[in-house]
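S.K.: Next comes the sequence, and after it the predicted model I'd like to discuss.
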Amino acid sequence: MDEIKFNEQADITDQVCPMTFVKAKVSIDELEDGEVLAIRMNDGEPVQNVPRSMKEEGHKILKLHNNQDGTYTLYVRKVEEG
């Protein structure tokens, strides 16, 4: 499997909803259009909510990777609004 190249990473495993998405949003807002953010999150609520929220913001979900340790890494490409 090819590793996805990313520009920045955010670890939100120490956050709980809704702060998981808030922290992820702050991180992606700092990127340039087209750059990729790797977001490490816990299984459960974040995995259900963060990808959906990112999609609703208009960003492109590239991949959700199971790290096999109770965490997932979500790769998101920033899509500039407008």
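M.R.: The structure has been received and is ready for your questions. Numbers count the residues shown, from 1 in each chain.

S.K.: quick one: low-confidence parts of the chain?
M.R.: Counting by pLDDT under 70, the ranges of the chain that qualify are 1-2, 82.

S.K.: how about a cut-off of 80?
M.R.: By pLDDT under 80, the low-scoring segments of the chain are 1-3, 81-82.

S.K.: With adjacent residues omitted, what lies nearest to the residue positioned nearest the centre of it?
M.R.: Averaging the C-alpha coordinates of the chain gives a centre point, and the residue nearest to it by CA atoms, centre = their mean is Ile39 (3.8 Å). For Ile39, ignoring the flanking residues on the chain, the nearest one in space by CB to CB, 6 or more residues apart in numbering is Leu74 at 4.5 Å. C-betas here are computed from N, CA, C, even on glycine.

S.K.: The host helix or strand of that neighbour packs against which elements?
M.R.: Under the criterion of DSSP states H and E, Leu74 resides in strand 71-77. Secondary structure elements in contact with strand 71-77, counted by 3 or more CB pairs under 8 Å, 6 or more residues apart in numbering; DSSP states H and E, are strand 36-42, helix 45-56, strand 60-66.

S.K.: check contacts around the residue nearest to the centre of the chain.
M.R.: The contact partners of Ile39, by CB atoms under 8 Å, 6 or more residues apart in numbering, come to Gln9, Ala10, Asp11, Ile12, Ala24, Ser27, Val50, Thr73, Leu74, Tyr75, Val76.
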